[in-house]
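> Take a look and give me a structure for this.
(one chain, ligands or ions: 1)
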Amino acid sequence: MRNRRMTLALAIIMAAVLSVACGRSEYSARAVNEETDRCAQCNMAVADDAHATQIVMKDGRTLMFDDIGCMYAWLAEHGDGDVGASFVRDYHGLQWVKTEKAYYVYDASFKTPMAYGVLSFADKADAEAFIAEQGKGVLMAADELPDHAWKVNRDMGQAHGEGAHGDDGTHGRGAGHGDGGGHGRDAGGDAHEGGAGA
Ligand SMILES: [Zn+2]
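Modelled structure (predicted):
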């Protein structure tokens, strides 16, 4: 009896070991929640788009990133010791793909949320087609990513300039946001459509 149980336990352990050894991963990607997900590296909101990436930690936690460059910046800082798996998305189809299985195209001029300029593709052929279409871009396999320079394209971040804060005047106008957008709830009276509000 006892012996039998031992055998059973052993069999279960063997099965577990085997399934791990065969690369059957228990980690899977989850969907982006645009309302609550923030990039674990730069703290920006994560858009549910082709640039989102994620790390599933060995303890089951998920770290979301808004740009694959942020994921590699995070990995450079924290290492991958606690990382169970990581995922990127196909640029066209948006499906999640294991980071190590995807192909990447880099050009400084490609627009990504944090301006790292690296795009991910599930298929090598799609990545190559994209390069041909754009007339620029360097193809990289996943194992080249850790050595990639991960430069932010500064030209793209220049929006902030010398900014005029239009901060002087007192706003004390009280009523009426006169601009058509949203709100439409309050503001009694007969809703004039299309502005001219205040
Ligand atoms: Zn980020």
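> which residues does the nearest residue to Tyr116 once chain neighbours are set aside contact?
Using C-beta to C-beta, 6 or more residues apart in numbering and skipping residues adjacent in sequence, the residue nearest Tyr116 is Gly69, 2.7 Å away. Any C-beta I mention is one placed from the backbone N, CA and C, and that applies to glycine too. Residues near Gly69 by C-beta atoms under 8 Å, 6 or more residues apart in numbering: Thr112, Met114, Ala115, Tyr116, Gly117, Val118, Trp150, Val152.
> For Ser86, see how far away the fourth one is.
Meaning Tyr116. As judged by C-beta to C-beta, to the nearest Å, Tyr116 and Ser86 stand 16 Å apart.
> about what we covered before: and the residue nearest to Tyr116, which of the three is it?
Under the three-state scheme (DSSP: H, G, I helix; E, B strand; the rest coil), Gly69 adopts helix.
> And for Leu119?
Secondary structure for Leu119, judged by three-state DSSP, is strand.
> residues near it, how many?
27 (other C-beta atoms under 10 Å).
> Report all helices and strands that the lengthiest strand in the chain contacts.
In the chain, assigned by DSSP state E, the strand with the most residues is strand 83-89. Counting contacts by 3 or more C-beta pairs under 8 Å, 6 or more residues apart in numbering; DSSP states H and E, strand 83-89 packs against strand 53-57, helix 68-78, strand 96-98.
> if we look at it, which residues are touching it?
25-27, 29, 49-58, 60, 68, 71, 75, 95-99, 102, 120.
> Now restrict those residues to buried residues only.
Neighbour counting with 16 or more other C-beta atoms under 10 Å marks 27, 29, 50-56, 68, 71, 75, 96-97, 99, 102, 120 as buried within the contacts of strand 83-89.
> neighbouring strands for the longest strand of the chain, and are they parallel or not?
Strand 83-89 has its sheet partners listed here by DSSP bridges as strand 53-57 (antiparallel), strand 96-98 (antiparallel).
> Turn these into CSV, including distance to Leu139 and mean pLDDT.
Output for the strands paired with strand 83-89, formatted as CSV (distance: least, C-beta to C-beta, whole Å; pLDDT from 0 to 100):
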stretch, distance to Leu139, mean pLDDT
strand 53-57, 18, 98
strand 96-98, 16, 98
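> what about Ala125, helix or strand, and which?
Assigned by DSSP states H and E, Ala125 belongs to helix 124-134.
> Great, nothing more from me.
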